[in-house]
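Engineer: need a structure here:
(chains A, B, C and D)
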Protein chains: 2
Amino acid sequence: MAYLQHDVSGQFGDVRGGPRQLARAVQRTFEGFGSKASRFKAHDVVYYQGDEAKRLYQLVSGTIMLFKLLPDGRRQVVEMLRAGDIFGLASGEEYDCTAETLTEASLHEVNLKQVEGSTEMQRQLMKCLTNQMSSLHEHTVLLGRKSAVERVASFLMYLVPNRGGGVGCLGPDPALAEDTCDLQLHMTRQEIADYLGLTIETVSRVVSDLKRRGVIRIDRADKIHLNRVCSLCQMTGIH
Amino acid sequence: MAYLQHDVSGQFGDVRGGPRQLARAVQRTFEGFGSKASRFKAHDVVYYQGDEAKRLYQLVSGTIMLFKLLPDGRRQVVEMLRAGDIFGLASGEEYDCTAETLTEASLHEVNLKQVEGSTEMQRQLMKCLTNQMSSLHEHTVLLGRKSAVERVASFLMYLVPNRGGGVGCLGPDPALAEDTCDLQLHMTRQEIADYLGLTIETVSRVVSDLKRRGVIRIDRADKIHLNRVCSLCQMTGIH
DNA sequence: CGCAAGTTTGATACCATTCAACTCCGGTGG
DNA sequence: CCACCGGAGTTGAATGGTATCAAACTTGCG
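Structural biologist: Presented below is the predicted three-dimensional model:
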């Protein structure tokens, strides 16, 4: 792992809000407070499930996934993180998930001790955790109760800026809202499948079906154009 | 809702550790700090999904479930809470889940303002949230990747004191560990199904099958005796 | 006793998985 | 330049696990 001193504060501007249920400003929680900046390439592991949990991280830019493995190799991606999100909290001595980058990513990292000493950090950290908890709840519903089509539709809507596929959906009013959107997934079909609790084939089939129905257009495997955002939103199970 | 002044501090003794991955002491986080005690009957709603989120709660004794509903009636129980757990945090203005008691329950409740003013409270709150987050991760794996049998087995193990069906499992050594256990579920088959992402019939079938195989004995629908804890543990998918 | 709610069991249907073959694409080297 | 290769993705056919629908059973209680 390379720890580069690198000024990343300006990159918060990249975030265009959104994928959480409610748009929220990205918190610079860990900036200052003696945090250390670090940078990772795509597909790097920040830490492994089982590693000693001694650091806390905040994602500054890029995307990271947290996943867990079962002994027989089954994998479940439990969280998809983006700018502002916190990770690395552990209830025991060890991390309960592996953290792996999907894209280039820059982080702020702090010692657990530092957090315990700072009221301000704790205050902001709580806000981040609350948001992530809410996302986890939403994802729990997806995994427990949604069909394959609903899962993929929810996933795509989750990537639409200022939508979140959920409560804040603007509804089918083409006059007010842009009804098309370009998405860059940064994920393989396998990663999507492991996130949605499906197999790679099922994800592929659903995506092909959405294409056949004219809801989306596939430019490259990981570049998808949404022709009709509202139609897609109707398929999430939330309406 | 009835807010009774009631001293419940002694009831922490009821908790025999356990259902989290790692045994942990129950935190009296909200005791003092100007918190108000309240008490609920079984099957009471503490708040509804969509209610204005103005209070934070800590469960002192009893069991509470948090669930979300899809518009067509599908329900997913997203968290099962027990003594020490915190609930009521919301990323927006409204609660994202409904909180309903499974048993009689006593709570401590505080205003959000009070929490923001207390460093000590925030510190302890973070510890609680970390534990709950870890449980959510575990449950995500269950919903995304486990079979019906594995889900039910995991659920039952989750109720075994000092086990948690997980990392802390003592392994198949009948000499060291008690290999039987009596469980009181406090949940209907429907609630279990909605927690495990299954149907009521599937839960019933799996339970009947475990009985047929001699792994469990059913005393009443919600009173289950585990004949062979280790065998059950082997069925969770964790081994 | 007889109802009502919860649970169990059976028959069948269907959705997602599994296994296998094929396509597509980018990179490499003859 | 193009043949070849490997990895990722797509598609097809068959299977199987869980859902669905329906009926019978159990339990508690007025």
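
Engineer: buried sites along the longest helix seen in chain A?
Structural biologist: Using DSSP state H to define each element, chain A has its longest helix at helix A:119-145. For helix A:119-145, a neighbour-count test (16 or more other CB atoms under 10 Å in any protein chain shown) marks A:121-122, A:124-145 as buried. Yep, even glycine has a C-beta here, placed from its N, CA and C like the rest.

Engineer: How about stretch A:64-77?
Structural biologist: Neighbour counts over stretch A:64-77 (16+ other CB under 10 Å) mark A:64-70, A:75-77 as buried.

Engineer: Quick one: these as JSON lines, columns for pLDDT, secondary structure and distance to A:V149 too.
Structural biologist: Putting the buried residues of stretch A:64-77 into JSON lines (pLDDT from 0 to 100; DSSP: H, G, I helix; E, B strand; the rest coil; distance: CB to CB, whole Å) gives the following:
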{"residue": "A:I64", "pLDDT": "98", "secondary structure": "strand", "distance to A:V149": "27"}
{"residue": "A:M65", "pLDDT": "98", "secondary structure": "strand", "distance to A:V149": "22"}
{"residue": "A:L66", "pLDDT": "98", "secondary structure": "strand", "distance to A:V149": "25"}
{"residue": "A:F67", "pLDDT": "98", "secondary structure": "strand", "distance to A:V149": "23"}
{"residue": "A:K68", "pLDDT": "98", "secondary structure": "strand", "distance to A:V149": "25"}
{"residue": "A:L69", "pLDDT": "97", "secondary structure": "strand", "distance to A:V149": "27"}
{"residue": "A:L70", "pLDDT": "97", "secondary structure": "coil", "distance to A:V149": "26"}
{"residue": "A:R75", "pLDDT": "98", "secondary structure": "strand", "distance to A:V149": "22"}
{"residue": "A:Q76", "pLDDT": "98", "secondary structure": "strand", "distance to A:V149": "20"}
{"residue": "A:V77", "pLDDT": "98", "secondary structure": "strand", "distance to A:V149": "19"}
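
Engineer: Is any residue of stretch A:206-220 near DNA strand D?
Structural biologist: Yes - using CB under 7 Å from any atom of the strand, stretch A:206-220 reaches DNA strand D at A:207-208, A:218.

Engineer: In strands, which of those residues appear?
Structural biologist: Among those, the members found in strands (DSSP state E) are A:I218.

Engineer: Neighbour-wise, which one of the residues of stretch A:206-220 next to DNA strand D leads?
Structural biologist: Counting neighbours by other CB atoms under 10 Å in any protein chain shown, A:V207 comes out on top of those with 18 neighbours.

Engineer: May I have the residues that are in contact with that one?
Structural biologist: A:152, A:216, A:218, A:224 (CB atoms under 8 Å, 6 or more residues apart in numbering or on different chains).

Engineer: Leaving out chain neighbours, which residue sits closest to the spatially most central residue of chain A?
Structural biologist: Nearest residue to the geometric centre of chain A (CA atoms, centre = their mean): A:M80, 2.7 Å. Leaving aside its chain neighbours, A:M80 sits nearest to A:M65 (5.5 Å; criterion: CB to CB, 6 or more residues apart in numbering or on different chains).

Engineer: Dig out what that neighbour forms beta bridges with.
Structural biologist: Note on A:M65: beta-bridge partners A:M80, A:E100, judged by DSSP bridges.

Engineer: surely it meets A:Q190?
Structural biologist: No - using CB atoms under 8 Å, A:M65 is not in contact with A:Q190; the gap is 11.5 Å.

Engineer: how's chain A carved up into domains?
Structural biologist: Residue ranges for each domain of chain A read A:9-144, A:146-234, as given by automatic domain parsing.

Engineer: Would you map the helices across chain A?
Structural biologist: A:112-117, A:119-145, A:148-158, A:189-196, A:200-212, A:229-234.

Engineer: Kindly reformat those as TSV containing mean pLDDT.
Structural biologist: Shown next, in TSV, are these (pLDDT from 0 to 100):
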stretch	mean pLDDT
helix A:112-117	84
helix A:119-145	94
helix A:148-158	98
helix A:189-196	98
helix A:200-212	98
helix A:229-234	96
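
Engineer: Select, out of these, the one closest to B:C97.
Structural biologist: Distance to B:C97, taken as CB to CB, is lowest for helix A:119-145 among the helices of chain A, at 6.2 Å.

Engineer: Is there proximity between the closest one and DNA strand D?
Structural biologist: No - using CB under 7 Å from any atom of the strand, helix A:119-145 never reaches DNA strand D; the gap is at least 8.8 Å.

Engineer: Do that helix and DNA strand C come into contact?
Structural biologist: No - using CB under 7 Å from any atom of the strand, helix A:119-145 stays clear of DNA strand C, coming no nearer than 10.6 Å.

Engineer: Contact residues of chain A facing DNA strand D?
Structural biologist: Selection of chain A residues close to DNA strand D by CB under 7 Å from any atom of the strand yields A:188-190, A:200-201, A:203-205, A:207-208, A:218, A:221-222.

Engineer: try 6 Å this time
Structural biologist: Taking CB under 6 Å from any atom of the strand as the measure of proximity, chain A contacts DNA strand D at A:188-190, A:200-201, A:204-205, A:207-208, A:218, A:221.
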